[in-house]
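1. A structural model of the following input is requested.
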Amino acid sequence: LAPEVPTGWSGPLCFDLEPEGCLLSGRQLAFHPVKLAEKDGVPYSEHIVCATTAWRDTDGLLHVAYFPWNSPDARSRFVGWLDAATEVWGQNLPFDVKMIRAQSREKLLPPTRLCTPFGVRLRDLLAESFLYDDLQERGLKYLSWATRVTSYGSERKAYRVYRGSDDPELVKYAVKDAWATYRCIEIFRAWQAEKFQVHPVASSKLSDTAASWYSDQTWACILMEESGACFNKGALQDVDARVTTDLARVASEALSVGLVVSGPGSDTSKRDVMRGAVACAMQVGGSDAPGKLESLELTKAGDYCIHADNRNIVLGLLPLDNPESALHAKRLSLLAEASSLSKVVDSYTGPLLRGKYVETRYPTKLRWVGTPGRLKKNGRGLTKSTVRWKRVPDKRSGTDIYSPTHTLVGSGDYGIAYPSIYTLPRSGDGGHDLDGGVRQFRWSMKQPALQTLPEVVWDCLSTRYDPGVLFKSDLAQVEWRGAAFLSGDS
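-> The predicted structure is shown next:
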């Protein structure tokens, strides 16, 4: 329990934090210290419930320690461990490191080596498991099972279940996380050595250069997530209003030609329009039509996907001098315009200004439910079926509920968006919440997706400095130029 650093100890240290969301009274929805304070209303002094560490002593014995965050002495000793470590290990380190750096900025924790960017090498279990097999899931629960380190079958989930830092179940869960992470990193490094030091798959993945590169990548992710992106709120509101108006116009025009682009029945209408356009293209698209239409991507249910690539293929086969095909072409064009406008509002201006849509809540009304007069048989004989007044949703009117977690932070004319950054490609199933990357092995950003901002939204970005300058990078050909660089193709 909160030990001091042994004299002369140095080596890798694995650490893990349990945030406020693990408590029964938890309010945490955001996983960024600024949003946790500003959006969830959790004071910085309450962000962390406990910290745990794992390390090997000079005899090779693996130790774990627990540091209750409500103890100033425990926090001070925890800082001593961080400063004595030669490397810092963990699972999803950007989150934990951001939390520690925020504690130091708020004067709740003495300065640590983590306060200095690139001040210590970071080794993340996400990267280590990726280097061994880039297609496997990367959650700790799965990896600890896959490496036969431990299993988590009997523990409670670490979300709104614990009474406080002195809860024995939390102590057990937290130290197990640190211990399992340490062992998994050791095992994956051993597996990499066995796999990649032998021809024909020998590589430099185990080199010091590779370790430094992935550490620098993690640090860059941390610094970018801390900085966020500054937006002009007024400009963003103008774009939101203008695009919403345009979307209403397109929806009205689409309805006049038999297409519902939003609201109830829109999914069915879009599918029907796509099927009709494909059928028309097959008839009037010429001899090339069958071959091109065979390349259309299908959904798992065997229906045609309605994304831009499919729409463009079909549009290219619809002659405009034919009244029937011209009608199908107009429907597809309106569908494309509506999709583009909806993307701006649903993915960018809406979440940044109002929050992410969660659900629509309806008032309730009393309704007579059941069939009067029918009899049903139970163990006690014949009784009347359940016929009673019941409260049911009144869907004639409702209120849309939005989560403010991803809205801009700041009360003035400008606000900061703090995106989540994913530095590793998506794994095979892509089912884990840490698995937000893309298969092309470029970084990706979400909430908002800053790399793919529409032009009208990009124009709302602002420098937070006076005077200040904005630089824009063209990422449209990043994969092709990366391949050209690696291949030496000029």
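2. Hmm, Pro363 is touching Lys395, no?
-> No. Contact criterion Cβ atoms under 8 Å: Pro363 and Lys395 do not qualify, at 9.4 Å. Heads up, the C-betas are built off the backbone N, CA and C, glycines and all.
3. What separation do you get for Arg163 and Val392?
-> 38 Å (Cβ to Cβ, to the nearest Å).
4. How about Gly291?
-> In terms of Cβ to Cβ, Gly291 sits 52 Å off from Val392.
5. okay, these two: which has more neighbours?
-> Val392 (12 against 8; other Cβ atoms under 10 Å).
6. Give the burial count for the residue lying closest to the more buried one once chain neighbours are set aside, as a bare number.
-> Nearest residue to Val392 in three dimensions, chain neighbours excluded: Arg367, at 4.9 Å (Cβ to Cβ, 6 or more residues apart in numbering). Neighbourhood size, Arg367 [other Cβ under 10 Å]: 12.
7. and Arg367, what are its bridge partners?
-> Beta-bridge pairing of Arg367 under DSSP bridges involves Lys390.
8. Show the pLDDT at it.
-> According to the prediction, Arg367 has pLDDT 70.
9. end to end, how far does stretch 100-112 reach?
-> Chord length of stretch 100-112, first to last residue, is 9 Å (Cα to Cα, to the nearest Å).
10. to the chain's geometric centre, what's the distance from it?
-> Computed by Cα atoms, centre = their mean, to the nearest Å, the separation of stretch 100-112 from the middle of its chain amounts to 26 Å.
11. what is the mean pLDDT for that stretch?
-> 95.
12. go on, stretch 60-67?
-> The average pLDDT within stretch 60-67 is 97.
13. What residues sit buried inside it?
-> 64-67 (16 or more other Cβ atoms under 10 Å).
14. again with stretch 299-318
-> 304, 306, 310-311, 313-315, 317-318.
15. In TSV: those residues, plus pLDDT.
-> Formatted as TSV, the buried residues of stretch 299-318 follow (pLDDT from 0 to 100):
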residue	pLDDT
Tyr304	94
Ile306	92
Asn310	94
Arg311	94
Ile313	94
Val314	95
Leu315	94
Leu317	94
Leu318	94
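16. Using TSV, lay out the residues you listed together with distance to Ile187.
-> Converted to TSV, the buried residues of stretch 299-318 look like this (distance: Cβ to Cβ, whole Å):
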residue	distance to Ile187
Tyr304	46
Ile306	45
Asn310	44
Arg311	48
Ile313	47
Val314	51
Leu315	53
Leu317	54
Leu318	57
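17. Tell me the one among the residues you listed nearest to Leu408.
-> Leu408 has its nearest neighbour among the buried residues of stretch 299-318 in Ile306, at 31.5 Å by Cβ to Cβ.
18. measure the closest one to Ala289 for me?
-> Using Cβ to Cβ, Ile306 is found at 19 Å from Ala289.
19. Need the pLDDT of Pro467.
-> In this model, Pro467 carries a pLDDT of 87.
20. how near is it to Gln103?
-> Applying Cβ to Cβ to Pro467 and Gln103 gives a distance of 33 Å.
21. and if you look at His63?
-> 24 Å.
22. Equivalent analysis for Ser129, please.
-> 28 Å.
23. neighbour count winner among those two?
-> Neighbour count, other Cβ under 10 Å: between Ser129 and Gln103, Ser129 has more, with 28 against 24.
24. host element of the more buried one?
-> Assigned by DSSP states H and E, Ser129 belongs to helix 125-132.
25. What average pLDDT does that helix get?
-> 92.
26. For it, which helices and strands make contact with it?
-> Packing contacts for helix 125-132, counted by 3 or more Cβ pairs under 8 Å, 6 or more residues apart in numbering; DSSP states H and E, involve helix 140-146, helix 168-196, helix 208-227.
27. what pLDDT, on average, does the shortest one get?
-> Per-region confidence: helix 140-146 scores 91 on mean pLDDT.
28. tell me how far it is from the chain's mean position?
-> Computed by Cα atoms, centre = their mean, the chain-centroid distance of helix 140-146 equals 20 Å.
29. Could I get the CA-only coordinates of it as PDB?
-> C-alpha atoms of helix 140-146 as PDB (Å, rounded to 0.1, in the frame of the first residue of the first chain):
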ATOM      1  CA  LEU A 140      -6.900  -5.900 -21.800                       C
ATOM      2  CA  LYS A 141      -9.600  -8.500 -20.900                       C
ATOM      3  CA  TYR A 142      -9.100 -10.300 -24.200                       C
ATOM      4  CA  LEU A 143      -5.300 -10.000 -24.200                       C
ATOM      5  CA  SER A 144      -4.900 -11.200 -20.600                       C
ATOM      6  CA  TRP A 145      -6.900 -14.300 -21.600                       C
ATOM      7  CA  ALA A 146      -5.100 -14.800 -24.900                       C
END
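30. So that it lines up with my notes, have the first residue be 480 from now on.
-> With the count now opening at 480, the last piece we talked about shows up as helix 619-625.
31. distance of Val936 from Ala815?
-> From Val936 across to Ala815, the span is 18 Å (Cβ to Cβ).
32. Neighbour count: the two, which is higher?
-> Comparing Val936 with Ala815 by neighbour count (other Cβ under 10 Å), the higher total belongs to Val936, at 24 against 17.
33. tell me the contacts of the closest residue to that one other than its chain neighbours?
-> Nearest residue to Val936 in three dimensions, chain neighbours excluded: Tyr827, at 4.7 Å (Cβ to Cβ, 6+ apart). By Cβ atoms under 8 Å, 6 or more residues apart in numbering, Tyr827 lies in contact with 927, 932-933, 936.
34. And the furthest pair within the residues you listed?
-> Comparing every pair within the contacts of Tyr827 by Cβ to Cβ identifies Pro927 and Pro933 as the most remote, at 10.5 Å.
35. re earlier: can you tell me which of the buried residues of stretch 539-546 is nearest Leu777?
-> Nearest to Leu777, judged by Cβ to Cβ, of these is Val543 at 50.6 Å.
36. Name the SS class of the closest one, please.
-> Per DSSP: H, G, I helix; E, B strand; the rest coil, the secondary structure class of Val543 is strand.
37. Is it bridged to anything, and to what?
-> Here Val543, judged by DSSP bridges, has bridge partners Ala533.
38. Show the low-confidence segments of the stretch 830-969 of the chain, by residue range.
-> Scanning the stretch 830-969 of the chain for pLDDT under 70 picks out 845, 847-870, 907-914, 919.
39. 80 instead?
-> Residues of the stretch 830-969 of the chain meeting the criterion pLDDT under 80: 836-881, 905-921, 952-955, 957-958, 969.
40. Can you show me the helices along it?
-> In the stretch 830-969 of the chain, the segments counted as helices under DSSP state H, counting those that start in this stretch are 934-937, 957-966.
41. quick one: which of those is nearest Lys684?
-> Minimum separation from Lys684 across the helices of the stretch 830-969 of the chain (Cβ to Cβ) falls at helix 957-966, 15.9 Å.
42. Pick out the residue nearest the middle of this structure.
-> Centroid-nearest residue in the chain: Gly915, 5.3 Å away (criterion: Cα atoms, centre = their mean).
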